[in-house]
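Peer 1: Could you look at this predicted model? Sequence included:
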Amino acid sequence: MRNIKVNISVGFSETEESVTENDSVEKMDDGSFRLILDYQDEFNIDHLENALLQTSYPALRAALSEHLEQACKKKPVKNPS
Amino acid sequence: MDGEVGRFTFKTYDVKAKNNKTLFAGIGLFPTHKGRQWYPTSGFKEVALIYGAAQRSYRQTIQVFNHSRRQEVGGTPLNMLCDVTQAEGLKVLDFLTRQAGSLFKEQGFNPQGHPEADCTVIKQIPDATYLEQEQLQPALTAVCEDMVKKGLSAEDIENVQKTLFVNKAYEKAGQCVYVHIDDVGVKEQKQHRDKKGVTKEPDVHQKEVTKDQRPTVQNTVARIEHTGKGFTLTGRSVSEILTFVLAFLLNNALLRLNIKVCTDGQRCLQEAIVSFFSWHRHLSLLLDWFHLVKKFKEDLSLACKGRDIRNRHLKQLLILLWFPMVWVG
């Protein structure tokens, strides 16, 4: 049986893309989550903190949901009853 | 699933044979649930119950909980929090009942908490020990100084000193365990707060006694304290809480100490305690100062004609009651 690695990477980067409307987090095709803030928020600690949390929680839920679904799928193969 | 990370769903997969018979049901890998029940994780229980509903109202708890998980929309509804809290509370009570039952059996008590003929625990309860005169002296000196400040005569002070030595009323703190028992009623919580200024039209058929009355949940709470440490137990009734208290005392080897039970003046509560612990040689009931003064004021009102006369005597009599010089009063 193989062990389970928990892997997380969080960061800020500059982008030319437009600001996310209504502060709603977007799910990308590669499974990541993102939120694009206005350039004026660069030093706004409160907005940055909120954006991080707002992006992290859906990502956490999606990761856990995805893991459970996949684990459930492979179980019968590993241990057929 | 409903957890510390939020509320979400996921798919499970079944394996079926060619004849459509299920060979493996994916749902069987997870804890069994009825219908559309959500699985509350231990993180959910810790945050939403221990740090949440046990400290404040359901409404406040759910608001903070959903906000902190960034799931104000689609988060846990209030009804689920109520249901989970209730279910977990019942599990705790069942656990305590089972633990108390097995402890009683082990230590020679019947399931109701009464000692059987072969119960050795109660035979091992030692005689009460009191503070020696020299140990009592510093506290007594401080009390005498306070009595002088309050304007009491030298004769009164001497009488108090004599009475204290003769009565041997002061036990060693480490030799006593204090149990505070009281009934606590909690009003039913509503999902939404009533809007201010919106008055309900009175129901003409509503009975006077039930008007504006909200259903309450009655619990009995016991706080057990010994040498600076304490523990709080909650039960559904006085009889249940008394079995929990006895089990706690047995489990922590506190039954051999002098038990001081502090209650308000509620007669049926006092009678239940005395009757339950009737076999214990060193149990005494204490009426706390608040309720003692309350009762004293009520009785003084009966003895004095008019509020002015009562109030004139009250301050002086309370000083005598505090020290306690009831014979002078």
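Peer 2: Arrived safely, thanks for sending. Numbers count the residues shown, from 1 in each chain, chains lettered A, B, ... in the order given.
Peer 1: which parts of chain A sit against chain B?
Peer 2: Contact residues (C-beta under 8 Å from any C-beta of the partner chain) of chain A with chain B: A:53-54, A:56-58, A:60-62, A:64-66, A:68-69, A:71-73, A:75-76, A:80-81. C-beta here means a position set from N, CA and C on the backbone, and glycine is covered the same way.
Peer 1: rerun that using 10 Å as the cut-off
Peer 2: By C-beta under 10 Å from any C-beta of the partner chain, the residues of chain A that approach chain B are A:25, A:50, A:53-77, A:79-81.
Peer 1: Sitting in helices, which of these do you find?
Peer 2: Mapping these onto helices (DSSP state H) picks out A:50, A:53-77.
Peer 1: could you flag which of those residues are buried?
Peer 2: Neighbour-count burial (16 or more other C-beta atoms under 10 Å in any protein chain shown) applied to these gives A:50, A:54-65, A:68, A:72, A:75-76.
Peer 1: Break down chain B into its helices, ranges please.
Peer 2: B:42-44, B:58-68, B:78-107, B:133-149, B:154-167, B:238-251, B:267-276, B:289-303, B:307-322.
Peer 1: Leaving aside the residues adjacent along the chain, what's closest to the residue most central in space within chain A?
Peer 2: Most central in chain A under C-alpha atoms, centre = their mean is residue A:59, positioned 2.9 Å from the mean C-alpha point. Distances taken as C-beta to C-beta, 6 or more residues apart in numbering or on different chains put residue A:33 closest to residue A:59, at 4.4 Å, once the chain neighbours are dropped.
Peer 1: any idea how far residue A:56 lies from residue B:5?
Peer 2: Applying C-beta to C-beta, to the nearest Å, the value for residue A:56 to residue B:5 is 9 Å.
Peer 1: Identify the contacts common to the two.
Peer 2: The contact sets of residue A:56 and residue B:5 overlap at residue B:70 (C-beta atoms under 10 Å, 6 or more residues apart in numbering or on different chains).
Peer 1: buried sites along stretch B:17-30?
Peer 2: Using 16+ other C-beta under 10 Å as the test for burial, stretch B:17-30 gives B:24, B:26.
Peer 1: Which of the helices and strands in the chain ranks last by mean pLDDT?
Peer 2: No chain specified, so I'll use chain A. Counting by mean pLDDT, DSSP states H and E, chain A has its least confident helix or strand at helix A:45-78, which shows a mean of 90.
Peer 1: oops, I was thinking of chain B
Peer 2: Sorting the helices and strands of chain B by mean pLDDT, DSSP H and E puts helix B:154-167 at the bottom, at a mean of 78.
Peer 1: How about residues contacting that helix?
Peer 2: Contact with helix B:154-167 is made by B:130, B:133, B:136, B:139-141, B:143-145, B:147-148, B:150, B:152-153, B:169-170, B:320, B:323-325, B:327-328, as judged by C-beta under 10 Å, 6+ apart.
Peer 1: likewise stretch B:39-53?
Peer 2: Stretch B:39-53 has contacts (C-beta under 10 Å, 6+ apart) with A:64, B:1-7, B:30-33, B:38, B:54-55, B:58, B:60-62, B:64-66, B:68-69, B:76, B:80-89, B:189.
Peer 1: of those residues, buried ones?
Peer 2: Here, 16+ other C-beta under 10 Å leaves A:64, B:1-7, B:38, B:58, B:61-62, B:65-66, B:69, B:76, B:80-81, B:84-85, B:88-89 buried among those.
Peer 1: Who are the contact partners of the most centrally placed residue in chain B?
Peer 2: Nearest to the mean C-alpha position of chain B, counting by C-alpha atoms, centre = their mean, stands residue B:221 at 1.9 Å. For residue B:221, the contacting residues are B:180-184, B:232-235, B:241, by C-beta under 10 Å, 6+ apart.
Peer 1: of these, buried ones?
Peer 2: Buried by 16+ other C-beta under 10 Å: B:180-183, B:233-235, B:241, out of the contacts of residue B:221.
Peer 1: ok, so of those residues, who is nearest residue B:311?
Peer 2: Proximity of the buried ones among the contacts of residue B:221 to residue B:311 (C-beta to C-beta) peaks at residue B:182, which lies at 29.0 Å.
Peer 1: Please report how far the closest one lies from residue B:220.
Peer 2: In terms of C-beta to C-beta, residue B:182 sits 7 Å off from residue B:220.
Peer 1: Now the common contact residues for those two.
Peer 2: In contact with both residue B:182 and residue B:220: B:238, B:241, B:269, using C-beta under 10 Å, 6+ apart.
Peer 1: and the residues you listed as JSON lines, adding pLDDT and distance to residue B:115?
Peer 2: Converted to JSON lines, the shared contacts of residue B:182 and residue B:220 look like this (pLDDT from 0 to 100; distance: C-beta to C-beta, whole Å):
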{"residue": "B:238", "pLDDT": "94", "distance to residue B:115": "19"}
{"residue": "B:241", "pLDDT": "96", "distance to residue B:115": "19"}
{"residue": "B:269", "pLDDT": "92", "distance to residue B:115": "22"}
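Peer 1: Mind putting those into JSON lines with distance to residue A:43?
Peer 2: What follows is the shared contacts of residue B:182 and residue B:220, written out as JSON lines (distance: C-beta to C-beta, whole Å):
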{"residue": "B:238", "distance to residue A:43": "61"}
{"residue": "B:241", "distance to residue A:43": "57"}
{"residue": "B:269", "distance to residue A:43": "62"}
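Peer 1: other SSEs contacting the least confident helix or strand of chain A?
Peer 2: strand A:26-27, strand A:33-34, strand B:2-3, strand B:6-7, strand B:14-16, strand B:22-25 (3 or more C-beta pairs under 10 Å, 6 or more residues apart in numbering or on different chains; DSSP states H and E).
Peer 1: closest to residue A:1 out of those strands?
Peer 2: Closest approach to residue A:1 among those (C-beta to C-beta): strand B:22-25, 18.0 Å.
Peer 1: The residue of the stretch 51-200 of chain B found nearest chain A: what's it in contact with?
Peer 2: The stretch 51-200 of chain B approaches chain A most closely through residue B:70 (4.2 Å), counting by C-beta to the nearest C-beta. By C-beta under 10 Å, 6+ apart, the contact set of residue B:70 is A:25, A:50, A:53-58, A:60-61, B:5-6.
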